[in-house]
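Engineer: Could you work out the structure for the sequence below:
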Amino acid sequence: QVQLTESGGGLVQTEGSLRLSCAASGRILSSSVTAWFRQAPGQDRKFVALIRWNGRGTTYEDSVKGRFTISQDSAKNTVYLEMKNLKPEDTALYYCARGSQYSMSTNDYRYWGQGTQVTVSS
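Structural biologist: Just a heads-up that it's a prediction; the model follows:
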């Protein structure tokens, strides 16, 4: 079993910054992948970014490229999402998820956190 706990969300003004954290506990395989998804009210959960646990490879959704950075601290079993130049359209509940496939589909992630709210005011 893997438990994921997100933190770091909050209310920020347009062009502000936040750093989300996803702390993992339980069995963690070096081949696993951690991703961030987000879900705005009335919308489906959408892919944001992912990283391989061994650090070999990251992928970003087009609208966050150049603004968001995903990284990890293996010693702390934690994945981060650094978000800069935030926009009102980034407002959503952000989830981290862990799976075994390099995938942007929610269907390929078995373990999920409870989510952390990010609100960007205009």
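
Engineer: and the nearest residue to residue 28 once chain neighbours are set aside, what does it touch?
Structural biologist: Distances taken as CB to CB, 6 or more residues apart in numbering put residue 77 closest to residue 28, at 6.1 Å, once the chain neighbours are dropped. C-beta: built from backbone N, CA, C; applies to glycine. The contact partners of residue 77, taken as CB atoms under 8 Å, 6 or more residues apart in numbering, are 23-25, 28.

Engineer: Kindly state the pLDDT recorded for residue 77?
Structural biologist: Note on residue 77: pLDDT of 89.

Engineer: roughly how far apart are it and residue 62?
Structural biologist: 29 Å (CB to CB, to the nearest Å).

Engineer: roughly how far apart are residue 77 and residue 48?
Structural biologist: 20 Å.

Engineer: ok, now residue 59?
Structural biologist: Taking CB to CB, one finds residue 59 at 10 Å from residue 48.

Engineer: of these two, who's got more company?
Structural biologist: residue 48 (25 against 17; other CB atoms under 10 Å).

Engineer: I figured the more buried one hits residue 64, correct?
Structural biologist: Yes - in this structure, residue 48 is within contact of residue 64 by CB atoms under 8 Å, at 5.9 Å.

Engineer: ok, back up a step: got TSV for the contacts of residue 77, with secondary structure too?
Structural biologist: Below are the contacts of residue 77 laid out as TSV (DSSP: H, G, I helix; E, B strand; the rest coil):
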residue	secondary structure
23	strand
24	strand
25	strand
28	coil
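
Engineer: Looking at those, which is nearest residue 44?
Structural biologist: residue 24 (24.5 Å; CB to CB).

Engineer: Return the backbone torsion pair for the residue nearest to that closest one when sequence neighbours are not counted.
Structural biologist: Spatial nearest neighbour of residue 24, chain neighbours left out: residue 77 (4.6 Å); criterion: CB to CB, 6+ apart. Per-residue torsions, residue 77: phi 50, psi 40 (degrees, to the nearest 10).
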